[in-house]
Each structure stands twice: as structure tokens, then as C-alpha cells.
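A.B. asks: output the structure for:
(2 chains)
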There are 2 protein chains.
Amino acid sequence: MTQNIYDTQAFFEAYQQLPRSVSGLAGAPEWPALRALLPDMHGLRVVDLGCGFGWFCRWAAEPGAAQVLGLDVSEKMLERAAAENGAAPITYARADLERLQLPHTAFDLVYSSLALHYVENLAGLLHTVRSAIIAGGRLVVSIEHPIYMAPMHPRWLVEADGRRSWPVDHYLVEGRRTTNWLAKGVVKQHRTIGTTLNLLIRGGFTIAHVEEWSPTDAQIAAQPALAQERERPMFLLIAASATP
Amino acid sequence: MTQNIYDTQAFFEAYQQLPRSVSGLAGAPEWPALRALLPDMHGLRVVDLGCGFGWFCRWAAEPGAAQVLGLDVSEKMLERAAAENGAAPITYARADLERLQLPHTAFDLVYSSLALHYVENLAGLLHTVRSAIIAGGRLVVSIEHPIYMAPMHPRWLVEADGRRSWPVDHYLVEGRRTTNWLAKGVVKQHRTIGTTLNLLIRGGFTIAHVEEWSPTDAQIAAQPALAQERERPMFLLIAASATP
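C.D. replies: Residues are numbered from 1 along each chain as shown, chains lettered A, B, ... in the order given. Sure thing, here's the model as predicted:
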């Protein structure tokens, strides 16, 4: 089973303070870029893998998605999702992405934000997803970028003159990375971009768009601290379609 | 026009000493991975963009490619290619990849090794390539990996205990990078992986395989210095097919 760090009290309390937890999609700087990859929601049957507090599910339901299924391993998050972002036609349910089961050809869109880098058996999950989505259906995901995830001791290197760089090591050594983010011992699965894309292609998807997220000029003007996110990518966004 | 650094005397003399110049494909550690992406050469019409000394052209001709066109901007390289790796059915010709012209649907395979990161107008080149290749035809390319190319002052960071990392900066700031590799002022064009893949997709290609090259265990056993190439990827390999 995927580590359920979100139900750890210390992690959950810290996670609740993040801008993206407080303000929802508006607090996630990569959201406008991810939204641009999404189709018109009207009438779609949507599943959100790792729905968290349900912000995306609510967003998808508003313009008229026919059906939205939000899945997460964290009971605490599902509880808050149902309380704050619950509405017809959204259903929230608990699921472990390592052993997910979904009905056959039941969805038009599979969405996942910052969840798949926790999954060890990504090939297995993509097999399930491909079977659950209609031919031509869309997959839109974000994960932590492997440049961000690869280092054994992720950190900024700051020179005396203030210049910053992000020292990369072990990029080509895939597998488990344990970091202390909000809580000690958060386990993630580092994969190269190539591995993730090849798993998608071999799993029956056609790659439509790959984006290594950068803040826009307008975002940096509004929030100057975001400028450092141009030194190295923090997020990888991928859109793919289920190959007929 | 693409900078023709290869015809600079100092650069050319140093380039001629590289293992890949002395030993050809056997001196390029990424060649086995690139070769694995290639189709059976028998009967194929092949063009090599940036053919250098012609090692690949000769390799393609041996198992029976029907026609091999090797293009390069460097007269010195083409001269040595013709002298050392010339044979029917290979033709060598001078071409600037910034303003390439190719006949329509004349090729089954477009190959390019470590050349496209010199090209500024990649969208234009891919448009020409897509028109020159048959539907379903294959594109197999290697470029310097953007992690390798992004930093303003590319270097290893070596800790007191010998651990190495590769400080990345300006990854999301695309454009010209000037480095001193073999000669001063070598100009390359940094693009993110996302940008390169999206240019391919929008240019009419379907992504088939993406690989961030890593030395194999056997290669490291034979040549221990290659171990550091696992810390950060030096090469990006892409296979795509011309979308019908």
C-alpha cells in the first residue's frame, strides 16, 4: 500500500496550512497550466486519482461534468473533501492507488495532481486506468519533476552573490526517495521523465503535451519568490489520450 | 546559419581526438541505446542530419539501407566522411539545418545524433523533416540533455567526501547557451524536454520512446569513469513516428 502520510497528524496539520490547502486551486501556481490541458468538462465522466480536499472535483462539477469520482487514500482528506467540496454529481471514496480497481470504459477523463510520484507500481496503475477510460479519452496529470525529486539531499545551493542552483545527483538511479517534507520520512518514487512517458506509451496512451512547469512573468510580478522556480522545474505536467 | 564551429581549426583538431571521432560508434557510449531505437535498415531510405564523420551512414549502409544521405554543415567533416566512410549507396552533402530543404516523402528514417541542440529554428526543421518522411516513417534523435545544457556555468560540484552533483540553474529559461567545449564560444540552444517533445507532437510526430541515457552496469564495469554519468543525464534520446 502507498504510504498514507496524509493521515499522520503532524503531516496533516502542516499540509492544511499550505496555500493550496487554504485557497484550493487558486493557491497552486501550476494550476493555470494544468487547467489549459483539460478538455471542456461538460458531460464528462471524471475520476481524480489522489483528490485530496476535493478542490478539483468541485471545479470539474461546476461547469457540468456528468459524474466525478474523487479517490484518495487519506480518510482525513476525504472527510474534509466531502464536508467542504461535496455536491452532486461528486462521489468521494477511499482507494489505494497501488491496487486500484475501476470499472471498464467508465470514464472520459482521468485527472491526477501530485499523486503518482507516490505510486510504486505505476505500470499496474496505468493498466487499470487505460481499461477504465474510453478510447480517445484524456489523461491529465501533474507529478513532482524528477529534477526536483532525484537528489538524495534536495536543497538549494546559494552562492555568496545570491545566485541559486539545484544540485542534481542520482538522477538515473530510480526508486525510493525519503524526504522530510512537512513530516519526517515521506516516501516518493523517483522515475526519469523517459520512464514515465514510456510507461504511458506502452500502457496504451498517446502523449499529447509535456510541460515542465515555469511560473509566468505575471505570476512572478505578483509573487516575486516564485522567480526561483525558473532555476529548476518543480512540477511535470503531462496530457495524453487513450490510444484507440 | 548554425554556427559552424566544427570548421574552426582548434575545435576540429580537438574534436578529432574524442573517442567517438577515433573509434566511431563504438566510442559513443550512448550508441547501443540509440541503436536499439532503430528499425531494420534493410531497404530503407535514410537521411542523417549532422552526419559528422559518417560513422552512422556507413553503419546504415552495411545491412542494406537502399539510400543514405549524410548532411552536415562542416566541410572538414564531410571531407573525412567521404574519404573514410564513403561507399554506395551513401551520398554526403553540405547543408545548414537552419534552412534545410529536402524532397517530399523521400525518406523512411530520419536520424540525427547530437546535432539538433545547435539548431535555433527547430520548429522549421521539423516541418521540413515531416514533409520529407513517409507517414509512419521513423525519427530517431539524440541531443544533449537539457539538464546538462541548462546551467550558465556547467560544472560538477564535488564535496569533500567525493560525492558529486550537477548544479542546475536557468532550466526554464530557454535559448542560447555559450560554452567553452573544445573551443571558446560554442553556441547551443537550450530547450526543455517538454518544448522539444511538444514541437515534435505539433510538428506531426507521435512520440514512441524517450530515454535519458544512463550507462549500463556492464559499461561502468568496463569504464568506471562512466559511473558519474548516472548523477545527471548527458544525453536525451527520442524515437518518434510520422503521424499518418
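A.B. asks: adjacent strands (with direction) for the biggest strand by length in chain A?
C.D. replies: Across chain A, the strand with the greatest residue count (assigned by DSSP state E) is strand A:133-144. Paired strands of strand A:133-144, with direction, are strand A:107-113 (parallel), strand A:235-242 (antiparallel) (DSSP bridges).
A.B. asks: just send those back as TSV, with distance to B:Ser142 and mean pLDDT too.
C.D. replies: Any C-beta I mention is one placed from the backbone N, CA and C, and that applies to glycine too. Formatted as TSV, the entries for those read as follows, by distance: least, CB to CB, whole Å; pLDDT from 0 to 100:
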stretch	distance to B:Ser142	mean pLDDT
strand A:107-113	31	98
strand A:235-242	21	98
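A.B. asks: quick one: the closest residue to A:Val119 other than its chain neighbours from A:Ala61, how far?
C.D. replies: Leaving aside its sequence neighbours, A:Val119 sits nearest to A:Leu97 (CB to CB, 6 or more residues apart in numbering or on different chains; 4.9 Å). Remark: distance between A:Leu97 and A:Ala61 (CB to CB, to the nearest Å) = 22 Å.
A.B. asks: what about the longest strand of chain A, distance to the chain center?
C.D. replies: The offset between the C-alpha centroid of strand A:133-144 and the centroid of the whole chain comes to 11 Å, using CA atoms, centre = their mean, to the nearest Å.
A.B. asks: how about the helices in chain A?
C.D. replies: Per DSSP state H, chain A has helices spanning A:9-15, A:19-22, A:31-35, A:55-61, A:75-85, A:122-132, A:146-149, A:193-202, A:217-222. These are given in chain order.
A.B. asks: of those, which approaches chain B most closely?
C.D. replies: Of all these, helix A:193-202 sits nearest to chain B, with 4.3 Å by CB to the nearest CB.
A.B. asks: remind me what the closest one packs against, helices and strands.
C.D. replies: Under the contact criterion of 3 or more CB pairs under 8 Å, 6 or more residues apart in numbering or on different chains; DSSP states H and E, the helices and strands touching helix A:193-202 comprise helix A:122-132, strand A:205-212, strand A:235-242, strand B:205-212.
A.B. asks: can you give me the angle the first one makes with helix A:193-202?
C.D. replies: It stands for helix A:122-132. Between the direction of helix A:122-132 and that of helix A:193-202, the angle (axes from the mean of the first three to the mean of the last three CA atoms, to 10 degrees) works out to 30 degrees.
A.B. asks: in helix A:122-132, what counts as buried?
C.D. replies: Of the residues in helix A:122-132, those with enough neighbours to count as buried (16 or more other CB atoms under 10 Å in any protein chain shown) are A:Leu122, A:Leu125, A:Leu126, A:His127, A:Thr128, A:Val129, A:Arg130, A:Ser131, A:Ala132.
A.B. asks: do the same with stretch A:198-214
C.D. replies: Applying a neighbour-count criterion of 16+ other CB under 10 Å, one finds A:198-201, A:203-214 buried in stretch A:198-214.
A.B. asks: low-confidence regions, chain A specifically.
C.D. replies: Counting by pLDDT under 70, chain A contains low-confidence ranges at A:1-2.
A.B. asks: list the residues that contact the closest residue in space to A:Ala208 that isn't next to it in sequence.
C.D. replies: Setting aside the residues directly before and after it, A:Ala208 is nearest to A:Ala239 in space (CB to CB, 6+ apart), at 4.5 Å. Counting by CB atoms under 8 Å, 6 or more residues apart in numbering or on different chains, A:Ala239 touches A:Leu37, A:Arg138, A:Leu139, A:Val140, A:Ile207, A:Ala208, A:His209.
A.B. asks: was I right to think A:Ser131 contacts A:Ala106?
C.D. replies: No. Under the contact definition of CB atoms under 8 Å, A:Ser131 does not touch A:Ala106, with a separation of 9.4 Å.
A.B. asks: how many neighbours does A:Ser113 have?
C.D. replies: 24 (other CB atoms under 10 Å in any protein chain shown).
A.B. asks: run through the bridge partners of the closest residue to it other than its chain neighbours.
C.D. replies: Beyond its immediate neighbours in the sequence, the residue positioned closest to A:Ser113 (CB to CB, 6+ apart) is A:Ser142, lying 5.0 Å away. For A:Ser142, the beta-bridge partners under DSSP bridges are A:Ser113, A:Leu237.
A.B. asks: distance of A:Phe53 from A:Ala95?
C.D. replies: In this structure, A:Phe53 lies at 16 Å from A:Ala95, with CB to CB as the measure.
A.B. asks: widest-spaced pair of the buried residues of stretch A:198-214?
C.D. replies: Farthest apart among the buried residues of stretch A:198-214 by CB to CB are A:Gly204 and A:Ser214. That separation is 29.8 Å.
A.B. asks: now the end-to-end length of stretch A:119-138.
C.D. replies: In terms of CA to CA, to the nearest Å, the two terminal residues of stretch A:119-138 are separated by 20 Å.
A.B. asks: run through who's touching it.
C.D. replies: Contacts of stretch A:119-138 from elsewhere in the structure, counted by CB under 8 Å, 6+ apart, are A:2, A:38-39, A:47, A:49, A:97-98, A:100-110, A:116, A:139, A:189, A:191, A:196, A:199-200, A:202-205, A:208, A:239-244.
A.B. asks: which residues of chain A lie near chain B?
C.D. replies: Contacts of chain A with chain B, taken as CB under 8 Å from any CB of the partner chain, map to A:147, A:151, A:157, A:163-173, A:192-194, A:197-198, A:201, A:206-212, A:214, A:229-233, A:236.
A.B. asks: now stretch A:6-14, how far from the chain's geometric center?
C.D. replies: A distance of 18 Å separates the C-alpha centroid of stretch A:6-14 from that of its chain, computed with CA atoms, centre = their mean.
A.B. asks: buried residues in it, which are they?
C.D. replies: Residues of stretch A:6-14 classed as buried: A:Tyr6, A:Thr8, A:Phe11, A:Phe12 (neighbour count, 16+ other CB under 10 Å).
A.B. asks: need these in a markdown table (columns: distance to B:Pro19).
C.D. replies: A markdown table is the format used below for the buried residues of stretch A:6-14 (distance: CB to CB, whole Å):
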| residue | distance to B:Pro19 |
| --- | --- |
| A:Tyr6 | 50 |
| A:Thr8 | 51 |
| A:Phe11 | 49 |
| A:Phe12 | 54 |
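A.B. asks: among the residues you listed, give me the pair with the biggest separation.
C.D. replies: Maximum pairwise distance among the buried residues of stretch A:6-14 (CB to CB): 7.2 Å, between A:Tyr6 and A:Thr8.
A.B. asks: what is the burial count for A:Leu197?
C.D. replies: The burial metric for A:Leu197, expressed as a neighbour count using other CB under 10 Å, is 25.
A.B. asks: list the contacts of it.
C.D. replies: Counting by CB under 8 Å, 6+ apart, the residues that A:Leu197 touches are A:Ile207, A:Val210, A:Ile238, B:Leu197, B:Ile207, B:Val210.
A.B. asks: can you list contacts of stretch A:28-36?
C.D. replies: Contacts to stretch A:28-36, defined as CB under 8 Å, 6+ apart, come from residues A:19-20, A:25, A:113, A:140, A:142, A:211, A:213, A:215-216, A:219, A:223, A:226, A:229, A:234-235, A:237.
A.B. asks: how about stretch A:65-83?
C.D. replies: By CB under 8 Å, 6+ apart, stretch A:65-83 touches A:1-2, A:4, A:6-7, A:12, A:41-54, A:56-57, A:60-61, A:89-97, A:100, A:107.
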